[in-house]
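Chemist: Fold the stuff below for me.
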Amino acid sequence: MINLSRWKVIAVVFAAIFGVVFTLPNVLPADVRDSLPGFMPKQTLNLGLDLQGGSHLLLEVDTAALKQERLTNLLEDVRTQLREANIQFAELRLVNDQVSVLINDPAQANTAVNKLRSTVAAASAATPGGSGISVSSAGGGRIVLSLSQDAMNAEAGRAVDQSIEILRRRIDELGTKEPTIVRQGVNRIVVQAPGESDPQRLRDVIGQTAKLTFQMVDDSVTPEDMAAGRVPPGSQVYPADDGFSQSYVLKKRALVTGEMLTDAQQQFDQQSGQPVVSFRFNGQGARRFADATSQNLGKRFAIVLDGKVISAPVIQSAITGGNGQISGSFTPQSANDLAILLRAGALPAPLKVEQQSTVGAELGADAVKAGIISLAIGGVAIIVFIILAYGLFGVFSAIALIVNVLLILGIMSFTQATLTFPGIAGLILTLAVAVDANVLIYERIRDEAHAGRSPIAALEHGYSLALVSIMDANITSAISALIMFQFGSGPIRGFAWTLLIGVITSVFTAVVITQVLIGLWFRATRPKALPIV
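Modeler: Down below sits the predicted model:
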């Protein structure tokens, strides 16, 4: 077992070089790091929220608003289908979370029920994530449509999952590294953004629903009608933020929605020089937008963001290229933020901020200092113990321990993993586990030497017999770390990730590196007795 196999020597040299090269940027000043040659790595450890400061938000998905929107869409679908079937109706409204409609001719009630079941209910069931819709007759020509509670609960769960993915894309666009975004409970989401210096901007960006729609302006409604509240069915008054009008009456049915966007970028208008947001539709959106603009020349359409009109231009010509731009009272940053929101996609439901806290940079610096001190104290104590207990072999273990730390930091820097304060605790635990492996090996070598074996035989048997126990202990530790990483969150995942990396590097350094060092020593000295006997 104690031999200088070529692959072992190469592996040890490579591990030492890798650890030094990828750990070095973490201890160099920023200007020195930037001046390194191009082939040298420059990435450093990502520090978690507890080490470098940042923002912590607890968000709640507004499932009640999601249900209300679903019911409103259902009401408009009923209106459209009954009109297409030439079925006269009245009293179409929402009553106790149900859509209720009265068919004027009771003889057409069954026809209306079958029509709605074959169109509205069937279309919802065929749509991914669609809620189950029941259509029933309440007598006297009245029809009631309702959403099943189980389907709504499933849709609310999907809304939380979708919100997590959209929030991740939005925060990544802001340049924040390694955000933590996890579900908490049924409908809550925890967001931690390390290093985010402007928590209010983070809150504004991730909290905005960013639901974009393109709707036609209902020019048949006069200002007098609006003042008197005379708005025709199928239209609705929307507040405006375009600087030209306080509100507009728009058709409820959207021509195109933000889900059909493929890209959005902040640019500057070539004529006015003002910041604008340019956008591009996918194939379906481009066709619908071209049809809508070609059929409504000279009319106005509104660009609506989260229920507020941000622009209402007149259609001068058909827009067939699938491209357009949104103008308004934008600053470069607000236009860029809107582009980020549109690229990331709209949230399926509004988010309410339940809790917000900020960890300052000073607190993070104190945590880093405390972590370094604790790591140094733990490392020195372990090295002193192993040297006092095993002498020269303890020195070999100390060298392997130092390479182990360099490997862990190098791997975390290379993979851009996030180091948290619990991760530092995992690093210290890893050092103890690494030394524990050497204790098992050295005690086994000592037992073999006391049993009368020669030095070379004692070394070989010590390593081979102790390896089984070492692998058993470390495999169980790795399984525990994987379970914590999979099902834990925040600090638990940070601890588990560091522990998992440490388990792998500890086995390598405690077994392979000490083998090579002892092998070199044994070849050079040819001792008649081992120094740990």
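Chemist: switch to C-alpha atoms for all contacts and neighbour counts from now on
Modeler: Noted.
Chemist: Show me where the stretch 251-400 of the chain dips below the pLDDT cut-off.
Modeler: Scanning the stretch 251-400 of the chain for pLDDT under 70 picks out the ranges 359-365, 367-368.
Chemist: Can you show me the strands along it?
Modeler: 256-257, 261-268, 275-281, 301-305, 308-311, 323-326, 351-359 (DSSP state E, counting those that start in this stretch).
Chemist: Let's see the longest one as CSV, backbone CA atoms only.
Modeler: Included here for strand 351-359 are C-alpha records, laid out as CSV according to Å, rounded to 0.1, in the frame of the first residue of the first chain:
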residue,chain,number,x,y,z
LEU,A,351,-46.6,39.4,-4.2
LYS,A,352,-47.0,41.0,-0.8
VAL,A,353,-44.0,41.9,1.2
GLU,A,354,-44.5,40.4,4.7
GLN,A,355,-41.1,41.1,6.1
GLN,A,356,-38.0,43.0,5.0
SER,A,357,-34.6,43.2,6.7
THR,A,358,-31.2,44.4,5.7
VAL,A,359,-27.8,43.0,6.8
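Chemist: picking up where we left off before, can you list the strands of the stretch 251-400 of the chain in JSON lines and add mean neighbour count?
Modeler: Shown next, in JSON lines, are these (neighbours: other C-alpha atoms under 10 Å):
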{"stretch": "strand 256-257", "mean neighbour count": "20"}
{"stretch": "strand 261-268", "mean neighbour count": "19"}
{"stretch": "strand 275-281", "mean neighbour count": "22"}
{"stretch": "strand 301-305", "mean neighbour count": "23"}
{"stretch": "strand 308-311", "mean neighbour count": "22"}
{"stretch": "strand 323-326", "mean neighbour count": "17"}
{"stretch": "strand 351-359", "mean neighbour count": "15"}
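Chemist: For residue 160, find the nearest of the ones you listed.
Modeler: Closest of these to residue 160 is strand 351-359, at 9.8 Å (criterion: C-alpha to C-alpha).
Chemist: Pull the distance from the closest one to the chain's centre.
Modeler: Strand 351-359 has its average C-alpha position 17 Å from the chain's average C-alpha position, going by C-alpha atoms, centre = their mean, to the nearest Å.
Chemist: which helices and strands sit right next to that strand?
Modeler: The elements that strand 351-359 packs onto, with contact taken as 3 or more C-alpha pairs under 8 Å, 6 or more residues apart in numbering; DSSP states H and E, are strand 54-61, helix 199-207.
Chemist: related to what we said a few turns ago, as TSV, the strands of the stretch 251-400 of the chain with distance to residue 477 would be great.
Modeler: Supplementary listing: the strands of the stretch 251-400 of the chain in TSV, determined by distance: least, C-alpha to C-alpha, whole Å:
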stretch	distance to residue 477
strand 256-257	50
strand 261-268	45
strand 275-281	50
strand 301-305	51
strand 308-311	54
strand 323-326	55
strand 351-359	32
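Chemist: Nearest approach to residue 71 belongs to which of the ones you listed?
Modeler: When these are ranked by proximity to residue 71, the top entry is strand 256-257, at 18.2 Å, counting by C-alpha to C-alpha.
Chemist: what packs against the closest one?
Modeler: If contacts are counted by 3+ C-alpha pairs under 8 Å, 6+ apart, strand 256-257 sits against strand 212-216, helix 283-295.
Chemist: taking the mean pLDDT, what do you get for the first one?
Modeler: Mean pLDDT, computed over strand 212-216, is 85.
Chemist: Can you pull out the low-pLDDT segments for the protein?
Modeler: Low-confidence segments of the chain, defined by pLDDT under 70, span residues 1-3, 49-50, 122-131, 173-178, 195-199, 207, 359-365, 367-368, 489-491, 533.
Chemist: Give the full set of residues in contact with residue 520.
Modeler: Under the criterion of C-alpha atoms under 8 Å, 6 or more residues apart in numbering, the neighbours of residue 520 are residue 4.
Chemist: before we move on, which element is it in?
Modeler: Taking DSSP states H and E as the definition, residue 520 sits inside helix 514-525.
Chemist: Buried residues in that helix, which are they?
Modeler: Within helix 514-525, the residues that count as buried by 16 or more other C-alpha atoms under 10 Å are 514-519, 522.
Chemist: To residue 104, which of the strands of the stretch 251-400 of the chain lies closest?
Modeler: In terms of C-alpha to C-alpha, the element of these nearest to residue 104 is strand 256-257, at 32.7 Å.
Chemist: Note down every partner strand of that closest one and its orientation.
Modeler: When pairs are called by DSSP bridges, strand 256-257 turns out to pair with strand 212-216 (antiparallel).
Chemist: how about the helices in the stretch 101-250 of the chain?
Modeler: Listed in chain order, the helices found in the stretch 101-250 of the chain under DSSP state H, counting those that start in this stretch are 109-116, 122-126, 149-173, 199-207, 223-228.
Chemist: In CSV: those helices, plus mean neighbour count.
Modeler: Listed next are the helices of the stretch 101-250 of the chain as CSV, based on neighbours: other C-alpha under 10 Å:
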stretch, mean neighbour count
helix 109-116, 18
helix 122-126, 14
helix 149-173, 18
helix 199-207, 16
helix 223-228, 11
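Chemist: how about the ones you listed, which one is nearest residue 407?
Modeler: Within those, the stretch nearest residue 407 is helix 149-173; the backing value is 27.8 Å (C-alpha to C-alpha).
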